[in-house]
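Undergrad: Just the structure for this:
(one chain, ligands or ions: 8)
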Amino acid sequence: MVIVTLILTFLFLFQTGFSVVDKFNQFQSISDGTTLISKDGSFELGFFSPGNSSNRYVGIWYKNIPVRTVFWVANRCSPINDSSGLLTINNTGNLVLWYQNKSVVWSTSSSKQATKPIVQLLDSGNLVLRDEEDGNSDTYLWQSFDYPSDTTMPGMRLGWHLRTGLKQRVSAWRNWDDPCPGDFTAGIEYDPLRHTFPDIYILQGTSKYFRTGPWNGIRFSGTPEQRPNPLYSYDFVYNDDEVYYTFNLKNKSVVARIVMNQTTSHHDRLTWNDEDKAWQIYSTSPKDNCDRYGTCGANANCIINDNPICQCLRGFNPKSQEKWNLMDWSEGCVRNNPLNCSEKYKDGFIKFSGLKLPDTAQSWVNKSLNIKECREKCLSDCSCTAYANSDIRGKGSGCLIWYGDLSDMRQNTDDVNQLELFIRMSHLDIEKGNADIKMRALIAVAVIGGVSGMLLLGYFICRRGSKDRNQTITQNGDQDEDLELPLFSLPSIAKATENFSIDNKLGEGGFGPVYRGRLEDGQEIAVKRLSINSRQGVNELKNEIKLISKLQHRNLVKLLGCCIQGEEKLLVYEYMPNKSLDYFLFDQKEGKLLEWLKRFQIICGIARGLQYLHQDSRLRVIHRDLKASNVLLDNEMNPKISDFGLARTFLGDQTEEKTTRVTGTYGYMAPEYACNGLFSTKSDVFSFGILVLEIVSGKKSRSFHDKNHVTLIGQAWALYKESNSFELLDKNLQESDHNIQKQVLRCIHVSLLCVEQSPVDRPNMSSVVVMLGSESELPQPKQPPCYFTEMDLAKVERSSMNPESSSTNHMSISLLKAR
Ligand SMILES: *[C@@H]1O[C@H](CO)[C@@H](O)[C@H](O)[C@H]1NC(C)=O
Ligand SMILES: *[C@@H]1O[C@H](CO)[C@@H](O)[C@H](O)[C@H]1NC(C)=O
Ligand SMILES: *[C@@H]1O[C@H](CO)[C@@H](O)[C@H](O)[C@H]1NC(C)=O
Ligand SMILES: *[C@@H]1O[C@H](CO)[C@@H](O)[C@H](O)[C@H]1NC(C)=O
Ligand SMILES: *[C@@H]1O[C@H](CO)[C@@H](O)[C@H](O)[C@H]1NC(C)=O
Ligand SMILES: *[C@@H]1O[C@H](CO)[C@@H](O)[C@H](O)[C@H]1NC(C)=O
Ligand SMILES: *[C@@H]1O[C@H](CO)[C@@H](O)[C@H](O)[C@H]1NC(C)=O
Ligand SMILES: *[C@@H]1O[C@H](CO)[C@@H](O)[C@H](O)[C@H]1NC(C)=O
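TA: Ligands and ions are numbered 1, 2, ... in the order given. As a prediction, this is how the structure comes out:
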């Protein structure tokens, strides 16, 4: 257990003559100028003056962090204006802060009687008062963790203790030199008497500003990005006695905290970066406009990638169409047809998936009802408007129902556990909805039928190609070398991924879903479950994978092994904790974290990885689907190219220069590839050029265009012609340091060379690596004639694409060209 460091301080005080001796304890006070340090030396309690203020406060801060970071303040709103402050324990076991020995500025109010009260600053940063006579060292008379300031520390609770009525809420500092609470606070709200469901809210004054969404047993329904991760574990406890959220760090050498910030009005999870000597934002709430409470008004869904972002839910339409058209969504949406609630014309429910669950202020929960009972409960109550499972673990359990309007919903985009919400509708809307669904199903069947026919054709073509290739490999003698690649057993992978549980699903890649897993020995892995039938023989596929596994480079994701058993074809990769580049690049908040130097390092890393694939490895792999989401980041944000070699493995075309199957992503594809199926290392160079423009500008190539419909390439070219290239730089990067400017300009210049129309004119990756790393004169780029406007892009897409599948513009597509 942790012990006081009061003794040291005592000696110091004794010398300065400030100590107040008490008959119960050898030492009882801290005066201005002295401090109390936790046993492990990481935290310090003492007097401080915040910002430019000269006022004195008692606070606790990190001892080993050079930027003074105070995470708890005692006298938040009652500062002392000189250095006469004295913090003592009185003999009933309360902390008392004195001003000039005569007036009490602040005190704790423990009503428990203590015979021998002592103070300790624990290694967690918790300041506790306890009775030394009390054998139980875990019971405190009082603890600072129960009275948070603006910060939630690991092990601290954001909660509500129903027996004692104690609410642990955080409140932002008014400003950087005044710790008195500002108007942003965060904490758990609900009504235990009415059995409403608890939710964490950020309030501005008394109005709701952000909501995490109800806890669903695994996470909050509005923050799907918060999922099991290597940095911290978290828990939400909800029972008859108490409700709280808490988190704990997995790696004790990481320093992290959550803080409510008045200036930015954000609730930020920060980690200390020792290299940069600064706090970095790990995640933040609210993260976008859809996170702002009630952006779209009642009964509407906020879809961040839509334009406009607010859409009425199915079965509803804008209350005021006029205001809605002017993007004033405050009045929300109303039902097309009122609920009937009669026996004869029974209302029904429409299922919505992937929504952040509505505000639970008007809700009711019972953890022991199942979903069927829940439905009945809702139907039997005319004011009930929706229901859902309160816990989605396993098959789902518990019943959560809503009354009245449904507010503050959004579409979760990266939701691995699709939540289901059943919204009550008039029978008129249900019938109409069913008709819509039937129609769509018919269309889908037609499309799938068409596509699979084409795939079959592709199978025969690929088959021929792969035979040829096999011969080539044998001639090269590659098969004679020892090809060591661990073959995992299906049970071991199933165990590692908890039977491919939905909780472990990381996302969906071009060739199938990816799961996170942990092997018996503790190693974290990512498992790609190949969804397409590779149409290769098992031995052929194994050989192919073994060859790919020989590609090892620090900028390529490492293939650890594979598992091919029956229908299952699994690839096992190293696990990358920091997601993919697009996650950072195209996000307002995360984009800020990616400063220029890091971006430049990422560009160079990708270039080196690609150079290796093209030139240095024996296989000469053409990636064919290079894009931001295929660049993963390790914990130091080093880029690692993923999905390389897969196109080759599955589509088989090493010696061919023309393919009948175009795989890739529009917006990244070289014109000769998209239009004519011609590919070469130079088509990868083209994609690299686009990727660099995206990294520099923070804009997506495919979805970005200005008001004249000029695309990212078009913009880059126009600015280059005006010698104004620096304008393209992401507005998130405000620096205009001369050194940075040179690097930025060079990157844009190189990318314009990479996106030239003719493959011959594009540099190869070795030249790109050299160009990026030197200051030598660069050749002038020619005008990129293709992809200049949105219309050009659309034309290219039309010329190569089956019209029915044109909704996949941001996904990897893999389709057959009719010839
Ligand atoms: C704090 O003091 C410094 C130096 O006197 C001054 O430059 C700065 O503007 C002050 N900040 C505020 C917020 O008053
Ligand atoms: C300090 O505060 C006390 C009590 O609030 C007040 O009487 C005194 O004038 C203040 N002193 C200065 C120097 O502001
Ligand atoms: C407060 O009291 C202590 C001990 O009684 C004394 O040493 C100290 O000078 C006093 N301080 C002030 C500011 O009166
Ligand atoms: C100790 O301090 C508390 C809080 O200020 C106060 O209520 C209590 O009366 C004090 N006890 C004694 C013996 O001074
Ligand atoms: C813990 O974090 C430190 C510093 O970030 C790092 O060096 C170390 O490898 C981490 N340990 C584990 C087990 O992840
Ligand atoms: C709030 O955010 C601003 C801007 O990022 C930062 O300068 C400030 O230190 C933050 N305040 C707290 C209390 O973290
Ligand atoms: C219920 O629906 C029926 C048929 O649509 C209608 O005649 C009746 O008036 C409705 N009742 C209410 C309360 O809306
Ligand atoms: C929840 O449902 C169970 C089973 O129907 C019932 O026994 C219990 O009283 C209900 N709890 C509340 C708070 O309504």
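Undergrad: My guess is Leu400 contacts Val365. True?
TA: Yes: at 4.9 Å, Leu400 counts as touching Val365 under the criterion of Cβ atoms under 8 Å. (Each C-beta comes from the backbone N, C-alpha and C, glycine too.)
Undergrad: These two: who's more crowded?
TA: Remark: of Leu400 and Val365, Leu400 carries more neighbours, 25 against 21, as counted by other Cβ atoms under 10 Å.
Undergrad: Quickly find the element holding that one.
TA: strand 399-403 (DSSP states H and E).
Undergrad: burial measure for the closest residue to ligand 5 within the stretch 401-550 of the chain, as a count.
TA: In the stretch 401-550 of the chain, no residue comes nearer to ligand 5 than Gly522, which is 9.8 Å away by Cβ to the nearest ligand atom. Look at Gly522: counted by other Cβ under 10 Å, it has 6 neighbours.
Undergrad: Roughly how far does it sit from Ile258?
TA: Relative to Ile258, Gly522 is positioned 28 Å away (Cβ to Cβ, to the nearest Å).
Undergrad: picking that back up, got any residues that touch both of Leu400 and Val365?
TA: The contact sets of Leu400 and Val365 overlap at 197, 390 (Cβ atoms under 8 Å, 6 or more residues apart in numbering).
Undergrad: what packs against the strand holding Leu400?
TA: Applying 3 or more Cβ pairs under 8 Å, 6 or more residues apart in numbering; DSSP states H and E, one finds that strand 399-403 contacts strand 363-366, helix 371-379, strand 384-388.
Undergrad: okay if I get the ones you listed as a markdown table plus distance to ligand 5?
TA: Formatted as a markdown table, the helices and strands packed on strand 399-403 follow (distance: least, Cβ to the nearest ligand atom, whole Å):
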| stretch | distance to ligand 5 |
| --- | --- |
| strand 363-366 | 38 |
| helix 371-379 | 40 |
| strand 384-388 | 37 |
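Undergrad: Tell me which of the ones you listed lies nearest to ligand 4.
TA: Among the helices and strands packed on strand 399-403, the nearest to ligand 4 by Cβ to the nearest ligand atom is strand 363-366 (39.3 Å).
Undergrad: Show me which residues of the closest one are buried.
TA: Going by neighbour count (16 or more other Cβ atoms under 10 Å), the buried part of strand 363-366 is 363-365.
Undergrad: and what of stretch 241-260?
TA: For stretch 241-260, a neighbour-count test (16+ other Cβ under 10 Å) marks 242-247, 249, 255-260 as buried.
Undergrad: Using CSV, write out every CA atom in that stretch.
TA: Below are the C-alpha coordinates for stretch 241-260, written out as CSV (Å, rounded to 0.1, in the frame of the first residue of the first chain):
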residue,chain,number,x,y,z
ASP,A,241,-26.5,1.3,-5.7
GLU,A,242,-24.5,3.2,-8.1
VAL,A,243,-23.8,4.1,-11.7
TYR,A,244,-20.3,5.1,-12.9
TYR,A,245,-17.9,5.2,-15.8
THR,A,246,-14.2,4.5,-15.1
PHE,A,247,-11.1,3.7,-17.1
ASN,A,248,-7.7,2.2,-16.3
LEU,A,249,-4.5,2.3,-18.3
LYS,A,250,-3.2,-1.0,-19.5
ASN,A,251,0.4,0.2,-19.7
LYS,A,252,1.5,1.8,-16.5
SER,A,253,4.1,3.9,-18.2
VAL,A,254,1.5,5.7,-20.3
VAL,A,255,0.2,8.9,-18.8
ALA,A,256,-3.4,9.7,-19.8
ARG,A,257,-6.4,11.6,-18.5
ILE,A,258,-9.7,13.0,-19.7
VAL,A,259,-10.4,16.7,-19.3
MET,A,260,-13.3,19.0,-19.9
